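Student: Predicted coordinates and the sequence they were generated for:
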Amino acid sequence: MSGDGKRQTKKDAAGVRAGGGDVPGDASGAEHAVNKGRAVSKGREGERMTGATGTAEDNMGDDLPIMGTAGYGAPLLPFPPGCIVGRFVRRVKRFSVELEVDGAPLWVHSNNSGSMLGLMRPGAAVLASPAPNPNRKLKYTQELVRCDGDGPRGFWVGVNTSVPNRLLEAAFHAGRLPWAAGYTTLRREARRGESRLDARLDGPGLPTLWVECKNVTLVEDDVAAFPDAATERGAKHLREMMDIVARGERAAGFYLIQRPDGRCFGPADYIDPAYAELFHEARAAGVEIHPHRALVGMAGVDIGCEMAVVGK
């Protein structure tokens, strides 16, 4: 992230801690000069936006070479045909986002309940995928947001919070989770007592491995951080995983960093100090922390390397 972007993110973080505003950077009630949205189409060089000749959007290709380019396979989670790219206008009540596409307003669904701190800037490019249910009120779902502009310095950030769960399953079946070696089955949304966890892994002769998935979109001073807003639910998950470990089973937090500029991972103590303290306590108690870089581009999302954890 650029220096200006980092300063703005810290300013926004102060607003989140103080509870100021529903979403930092909202553009409610304002008019903005934005470029027209573009539909996405596939080509030999990977996915590009059709009709974008002579605009800054020519530069908004895939950020990482694994995304459908020569010599690389398709991502584990490809986006469906019919994705669109528009310009962010405003976010209302967290789950509805207004875009401008070809000069017209279009409302899309966002499943991200966090603040998306530093991302939802007026005029930012947004990629949205068509809803699988044609009868849904909002026909598209927000997948990616462009950070730091349309040019070569910019990059895509994945904001769909269902991606970590789906990518965990896909990566498991593809044999790309070294910390899950030897496990043969994965069950999503598995019940444990009165609780439900994102995944349960089992294998012959191995302790059950319970996994909670988190989507990470915040980077500050090269450190990818979670959460981007105070989260009592996240703290509850940490306590549950500590209980699992105390009972002799494995528990792991799978943190998917859906942006390329973080060099390591840690809890965002400047957003939620209580969560950060509990994070370190859980890790010391034996809860495994597995932050993975995501490979994010207009073709879809793939899993990258595991990142180092910083802090206590």
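Tutor: Yes, it's here.
Student: And the strands in the stretch 51-200 of the chain?
Tutor: 77-78, 84-92, 96-101, 104-109, 125-130, 140-147, 155-158, 185-192, 195-202 (DSSP state E, counting those that start in this stretch).
Student: Tell me the secondary structure of Ala235, please.
Tutor: helix (DSSP: H, G, I helix; E, B strand; the rest coil).
Student: looking at the strands of the stretch 51-200 of the chain, which is closest to Ala252?
Tutor: When the strands of the stretch 51-200 of the chain are ranked by proximity to Ala252, the top entry is strand 195-202, at 9.0 Å, counting by C-beta to C-beta. No exception for glycine: its C-beta is placed from N, CA and C like everyone else's.
Student: Give me the helices and strands touching that closest one, please.
Tutor: Where contact means 3 or more C-beta pairs under 8 Å, 6 or more residues apart in numbering; DSSP states H and E, strand 195-202 is packed against helix 163-173, strand 185-192, strand 209-216, helix 232-246.
Student: Show me the shaky parts of this protein.
Tutor: Scanning the chain for pLDDT under 70 picks out 1-72.
Student: Which segments of it make up each domain?
Tutor: Domain assignment of the chain by automatic domain parsing yields the ranges 3-16+23-158, 163-306.
Student: can you list those domains in TSV and add mean neighbour count and distance to Lys312?
Tutor: Shown next, in TSV, are those (neighbours: other C-beta atoms under 10 Å; distance: least, C-beta to C-beta, whole Å):
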stretch	mean neighbour count	distance to Lys312
domain 3-16+23-158	18	21
domain 163-306	19	4
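Student: Show me the one of the strands of the stretch 51-200 of the chain that comes nearest Arg239.
Tutor: Minimum separation from Arg239 across the strands of the stretch 51-200 of the chain (C-beta to C-beta) falls at strand 195-202, 10.1 Å.
Student: what angle separates that closest one from helix 163-173?
Tutor: Put simply, strand 195-202 runs at 20 degrees to helix 163-173, going by axes from the mean of the first three to the mean of the last three C-alpha atoms, to 10 degrees.
Student: Run the chain-centre distance for strand 195-202.
Tutor: In terms of C-alpha atoms, centre = their mean, to the nearest Å, the centre of strand 195-202 is set 20 Å apart from its chain centre.
Student: Partner strands of that strand, with direction?
Tutor: Taking DSSP bridges as the criterion, strand 195-202 sits next to strand 185-192 (antiparallel), strand 209-216 (antiparallel) in its sheet.
Student: Can I get those strands in a markdown table including distance to Ala170?
Tutor: Output for the strands paired with strand 195-202, formatted as a markdown table (distance: least, C-beta to C-beta, whole Å):
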| stretch | distance to Ala170 |
| --- | --- |
| strand 185-192 | 10 |
| strand 209-216 | 12 |
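Student: Mind checking these for the one nearest to Pro152?
Tutor: Closest to Pro152 of these, according to C-beta to C-beta: strand 209-216, at 23.6 Å.
Student: Give me the packing partners of the helix or strand that that closest one is followed by, helices and strands only.
Tutor: Once the chain leaves strand 209-216, the next helix or strand it forms, by DSSP states H and E, is strand 218-220. Helices and strands touching strand 218-220, by 3+ C-beta pairs under 8 Å, 6+ apart, are helix 3-18, strand 223-226.
Student: try it again with 7 Å
Tutor: strand 223-226 (3 or more C-beta pairs under 7 Å, 6 or more residues apart in numbering; DSSP states H and E).
Student: What are the contacting residues of the strand it packs on?
Tutor: 214, 216, 218-219, 255, 257, 262, 264-268, 291, 310 (C-beta atoms under 7 Å, 6 or more residues apart in numbering).
Student: Those residues into JSON lines, with extra columns for distance to Gly158 and secondary structure?
Tutor: Output for the contacts of strand 223-226, formatted as JSON lines (distance: C-beta to C-beta, whole Å; DSSP: H, G, I helix; E, B strand; the rest coil):
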{"residue": "Lys214", "distance to Gly158": "13", "secondary structure": "strand"}
{"residue": "Val216", "distance to Gly158": "9", "secondary structure": "strand"}
{"residue": "Leu218", "distance to Gly158": "12", "secondary structure": "strand"}
{"residue": "Val219", "distance to Gly158": "13", "secondary structure": "strand"}
{"residue": "Tyr255", "distance to Gly158": "13", "secondary structure": "strand"}
{"residue": "Ile257", "distance to Gly158": "9", "secondary structure": "strand"}
{"residue": "Gly262", "distance to Gly158": "13", "secondary structure": "coil"}
{"residue": "Cys264", "distance to Gly158": "19", "secondary structure": "strand"}
{"residue": "Phe265", "distance to Gly158": "15", "secondary structure": "strand"}
{"residue": "Gly266", "distance to Gly158": "19", "secondary structure": "strand"}
{"residue": "Pro267", "distance to Gly158": "20", "secondary structure": "strand"}
{"residue": "Ala268", "distance to Gly158": "18", "secondary structure": "coil"}
{"residue": "Pro291", "distance to Gly158": "14", "secondary structure": "strand"}
{"residue": "Val310", "distance to Gly158": "22", "secondary structure": "coil"}
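Student: Thanks again, I'm all set now.
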